[in-house]
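Enquirer: this one's sequence-less:
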């Protein structure tokens, strides 16, 4: 039986990485605004892997955070999985990019009124966030994101 997928808590300077990890299907939260001093404690309490670029946090007591050196988001993803020492298990487009909730299938009727009229006339498949109400569909933006996921997968294979 495979081990459960990791859940992450990213510090505020890694907001773009947090969103990309959600896109890849990982439970990825951003440390709350104003909680910088409680970052490691927040991660430990939530059972999340703390991820930061701050080298000084690695010297504090408690579970050690993953400290990334890379500045580029793709390089950060590669570095993060290398630091974990386990292969990634990607489940793209299963989490809300905005609030991290697991997405659920939505009918065209449920999506109507939450998407632009031309989208409602063009697409039949939707996923929606049960928490924030955001609706996703496989439009042109999805195609660009799917291409990005393929680039990430290829990069992870070559490292």
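Expert: Thanks, I have it. These numbers were taken from a predicted model, which means no experiment stands behind them.
Enquirer: quick check: residue 81 is in a helix.
Expert: Yes. The assignment for residue 81 by DSSP: H, G, I helix; E, B strand; the rest coil puts it in a helix.
Enquirer: quick check: it vs residue 92, distance?
Expert: Relative to residue 92, residue 81 is positioned 15 Å away (C-beta to C-beta, to the nearest Å). Placement of C-beta: from N, CA and C, glycine included.
Enquirer: got it, and residue 77?
Expert: Applying C-beta to C-beta to residue 77 and residue 92 gives a distance of 13 Å.
Enquirer: and the two? Which one has more around it.
Expert: The neighbour count for residue 77 versus residue 92, taken as other C-beta atoms under 10 Å, is higher for residue 77 (22 against 16).
Enquirer: contacting residues for the more buried one?
Expert: By C-beta atoms under 8 Å, 6 or more residues apart in numbering, residue 77 lies in contact with 17, 20-21, 24, 152, 155-156.
Enquirer: so where's the longest helix in this protein?
Expert: Longest helix in the chain, counting residues (DSSP state H): helix 140-157.
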